[in-house]
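J.: Fold the following and give me the result.
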Amino acid sequence: MLGDAATDRLHLVVHDYTTFAGAEQLAEEMERRLGGVDDVVAPIGGWWAGKRLWEIDQSDWQNAFVGLAAAHVAVLRAFLPRLNARGAYTLIVGASRSRRFPAVAWSAWSRPPC
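T.: Predicted coordinates:
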């Protein structure tokens with residue numbers, strides 16, 4: 001999918017970053033391997049295509065929203081202090097990694113909010 005952008009400057013790592021400790025361990029490892037962190041792209045999470053918001057239960061909410069938000073905060077917290085002065089932290093959520101989704105905020109509603 002990355003084509004020519006996948007150079008030796010791109011480092012892909014499989015790691016459990018979903019806890020604060022795991023994200024910190026990942027940040028430490030990347031800093032050690034690379035000597036510093038220039039930019040972070042965080043494609044954490046997936047696409048919610050479940051029930052309507054008023055139909056979800058506590059487990060749905062925890063898995064689809066709270067857990068993913070905690071993972072984002074854990075990674076941000078671990079990497080942000082390590083970014084160089086010109087570094088960037090970029091979030092990529094859901095299927096937006098490969099295509100645009102206009103008005104996606106309305107997808108959880110049966111009709112657009114007023």
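
J.: Name every strand pairing with the lengthiest strand in the chain and say which way it goes.
T.: Assignment by DSSP state E gives strand 83-91 as the longest strand of the chain. As defined by DSSP bridges, the strand partners of strand 83-91 come to strand 37-42 (parallel).

J.: got a list of contacts for the helix or strand just after the partner strand?
T.: Going down the chain from strand 37-42, the next helix or strand is helix 58-61, by DSSP states H and E. Here helix 58-61 makes contact (CB atoms under 8 Å, 6 or more residues apart in numbering) with 50, 51. All C-beta atoms are positioned from the backbone trio N, CA, C, and that covers glycine.

J.: For this structure, which residues score under the pLDDT cut-off?
T.: 46-49, 93-114 (pLDDT under 70).

J.: Tell me which residue is most central in it.
T.: Central residue of the chain (CA atoms, centre = their mean): residue 44, 2.6 Å from the mean position.

J.: Angles on the backbone of that one, please.
T.: Residue 44 adopts backbone torsions of phi -90, psi 130, taken as degrees, to the nearest 10.

J.: Provide a list of residues in contact with it.
T.: Residue 44 sits in contact with 17, 68, 71, 72, 75, 91, 93, where contact means CB under 8 Å, 6+ apart.

J.: Just the buried ones from these?
T.: 17, 68, 71, 72, 75, 93 (16 or more other CB atoms under 10 Å).

J.: Next one: the first one from residue 29, what distance?
T.: Put plainly, it is residue 17. Separation of residue 17 from residue 29 (CB to CB, to the nearest Å): 11 Å.

J.: No further queries at this time; thank you.
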